[in-house]
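Asker: sequence first, then the predicted structure, then my questions.
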Amino acid sequence: MAVLKYPVATEKTLSMVDRDNIIVYVVDMETNKKQVKEEFENTFKVKVVNVNTVREPDNVKRAYVRLGKEFPASDIAKRLKLV
């Protein structure tokens, strides 16, 4: 089971990258915050401060992943080709 599916690249989520050091990802509906945190840290070799999840009405679960200050979210966004 893949925990992380794909990043969300909207105007709002891209502003969160710079403003709040947050990357937004669509994740599997069955995963919890701890699994998202572990998978994100292992995949991108960063320190995750916290994860908030939201279940959307269209049966999609989004994870808002806040990174530590020493790991700019803009670097991850560039690696993912979001910017």
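Answerer: Great, that's in hand.
Asker: going along the chain, name the helices of the chain.
Answerer: In the chain, the helices defined using DSSP state H lie at 11-20, 33-44, 73-79.
Asker: tell me which of those helices lies nearest to Lys61.
Answerer: helix 33-44 (9.3 Å; Cβ to Cβ). Heads up, the C-betas are built off the backbone N, CA and C, glycines and all.
Asker: rebuild the helices of the chain as a markdown table, extending it with distance to Asn52.
Answerer: Converted to a markdown table, those look like this (distance: least, Cβ to Cβ, whole Å):
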| stretch | distance to Asn52 |
| --- | --- |
| helix 11-20 | 11 |
| helix 33-44 | 8 |
| helix 73-79 | 14 |
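Asker: how close does the closest residue in space to Tyr6 that isn't next to it in sequence sit to Val60?
Answerer: Nearest in space to Tyr6, with sequence neighbours left out and distances taken as Cβ to Cβ, 6 or more residues apart in numbering, is Val26 at 5.5 Å. Distance of Val26 to Val60, given as Cβ to Cβ, to the nearest Å: 6 Å.
Asker: and if you look at Asn52?
Answerer: With Cβ to Cβ as the criterion, Asn52 and Val60 are 15 Å apart.
Asker: next up, the contacts around the nearest residue to Arg62 once chain neighbours are set aside.
Answerer: Nearest residue to Arg62, sequence neighbours excluded (Cβ to Cβ, 6+ apart): Val54, at 5.0 Å. Val54 makes contact with Lys61, Arg62, Tyr64, according to Cβ atoms under 8 Å, 6 or more residues apart in numbering.
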